[in-house]
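1. My questions concern the predicted model and sequence given below.
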Amino acid sequence: MNNNIISYLQGLLNHYKLSTATALSELLGNISHDSLTGLLHKDWKPENLLYMAISLLFLLKGGYLIIDDTLLPKSAVKDCNFVKKLYSGKYKTQIYGVSVVVVIWTDGYWRIPLGLKIWYKGGKPKPELALELLSEIRNKMKLKPEFVLFDCAYAKGNLLKRLGDYGWYFVCGLASNRHFKGEDIKKYKNKLNWYSKGLLWNNQKVLAVRSKGKFFISNRLSITAKELLKLYSYRVKIEEYFKVFKQECGTGCQVQSISAYTKHLYLCMVNFIQLEDLRDRYIQRNIHKTIYSIRKSILSNPYVRSTPLLKRLKGVLVS
């Protein structure tokens, strides 16, 4: 199985637009379609592969965890329970796709995916999936971030309380109908911009800021309004990640099992990590390349069989 993992990652690196098992098998030439498909259906934990890949390249310390979700188009497969017709902000209409909740780590430079979970109607709410991811990350990676960042969709009582229990600080958006100091926050102070401390609906003390008609909160009471808004702006890093992940990492896949598709997406996350590592290696040589230009250079060359990450993974998995 470990050899198949390396082959799958080699295929994603070189044939990201067509990531079906058949397309990857034809590209690789030395592994069957059934072997690649079988890899996705076997019983193994893809998050452990991701953690291993991260540990081989990076030392994550401090930084920020960012929670968000995105829609992955999946029009070729419409008859499985996790593929739904959902609204796409990109296409401004409803499309068939898969909604995934993602956590990444950043220090302002690196963008490192730490895990994902697929959301589907009738399943666990997205904030609960985010909680499960944070728990796994905390237990397995022993991270202690400076802040956890998320928008108002994740500002729910259980998640806010758990972060407080972990001793982690958060900065997040807050919906205008959420209670602050006993009333809807939109009714508190008839001013466009303000800064105040008080209790939420769950009796959690926070610093609240209104800026340009939007509301933001943090359980770090000593920061200023300017610092809070600057921290919240770091959320753009997950938008950068989503764009690269969807365009460059081979997320398209025709499997109809949620478990198999989750494994495929984790392999795509490992693919992103090796591209992020290559981006940094160019920068260290004073060559400023984006991941998009790196992808073009890989595809324009003869088949690229390895990267520094693949070499290290092969040494660990296949030895």
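-> Everything's here; your move.

2. Look at the residue lying closest to K186 once chain neighbours are set aside and tell me its secondary structure.
-> Closest residue to K186 apart from its sequence neighbours, by C-beta to C-beta, 6 or more residues apart in numbering: S176 at 3.9 Å. Every residue, glycine included, has its C-beta placed from N, CA and C. Using DSSP: H, G, I helix; E, B strand; the rest coil, the secondary structure recorded for S176 is coil.

3. What distance do you get for S176 to T106?
-> Going from S176 to T106 by C-beta to C-beta, to the nearest Å gives 28 Å.

4. For the protein, which residue occupies the most central location?
-> In the chain, the residue lying closest to the centroid (C-alpha atoms, centre = their mean) is V102, at 3.3 Å.

5. So which of S176 and T106 has more stuff around it?
-> Neighbours were counted for S176 and for T106 using other C-beta atoms under 10 Å; T106 has more, 22 against 13.

6. where along the stretch 151-300 of the chain do the strands fall?
-> For the stretch 151-300 of the chain, the strands defined by DSSP state E, counting those that start in this stretch occupy 170-174, 179-180, 183-184, 194-199, 205-211, 214-218.

7. tilt between the longest one and strand 170-174?
-> Taking axes from the mean of the first three to the mean of the last three C-alpha atoms, to 10 degrees, one finds strand 205-211 and strand 170-174 inclined to each other by 50 degrees.

8. OK, contacts around the residue nearest to K186?
-> D184, I185, K186, F215 (C-beta atoms under 8 Å, 6 or more residues apart in numbering).

9. Looking at the residues you listed, which two lie furthest apart in space?
-> Farthest apart among these by C-beta to C-beta are D184 and F215. That separation is 10.1 Å.

10. Next, the buried residues of the lengthiest helix in the chain.
-> Counting residues, the longest helix in the chain under DSSP state H turns out to be helix 258-284. By 16 or more other C-beta atoms under 10 Å, the buried positions in helix 258-284 come out as 258, 260-279.

11. Show me which of D184 and F215 is the more surrounded one.
-> F215 (21 against 13).

12. tell me which residues form a beta bridge with the more buried one?
-> L174, R210 (DSSP bridges).

13. Including distance to G63 and pLDDT, could the contacts of S176 go into TSV?
-> Converted to TSV, the contacts of S176 look like this (distance: C-beta to C-beta, whole Å; pLDDT from 0 to 100):
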residue	distance to G63	pLDDT
D184	34	95
I185	29	95
K186	32	94
F215	25	97
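
14. Just say which of the strands of the stretch 151-300 of the chain is most tucked in.
-> Ranked by mean neighbour count under mean count of other C-beta atoms under 10 Å, those are led by strand 170-174, which reaches a mean of 24.

15. Direction-wise, compare it with strand 214-218 and give the angle.
-> Using the same axes, to 10 degrees: strand 170-174 against strand 214-218 is 150 degrees.

16. Counting residues, name the longest strand you see in the protein.
-> strand 93-106 (DSSP state E).

17. can you give me the offset of that strand from its chain's centre?
-> Here strand 93-106 is found 8 Å from its chain centre; the criterion is C-alpha atoms, centre = their mean, to the nearest Å.

18. Kindly report the same for stretch 38-55.
-> 16 Å.

19. Please work out the average pLDDT along it.
-> Mean pLDDT, stretch 38-55: 94.

20. For it, buried residues please.
-> Using 16+ other C-beta under 10 Å as the test for burial, stretch 38-55 gives L39, L40, P46, E47, L49, L50, Y51, A53, I54.

21. With stretch 93-101 instead?
-> Y96, G97, V98, S99, V100, V101.

22. for the chain, which spans come out with low pLDDT?
-> 16-21, 25-29, 75-79, 87-92, 302-305, 319 (pLDDT under 70).
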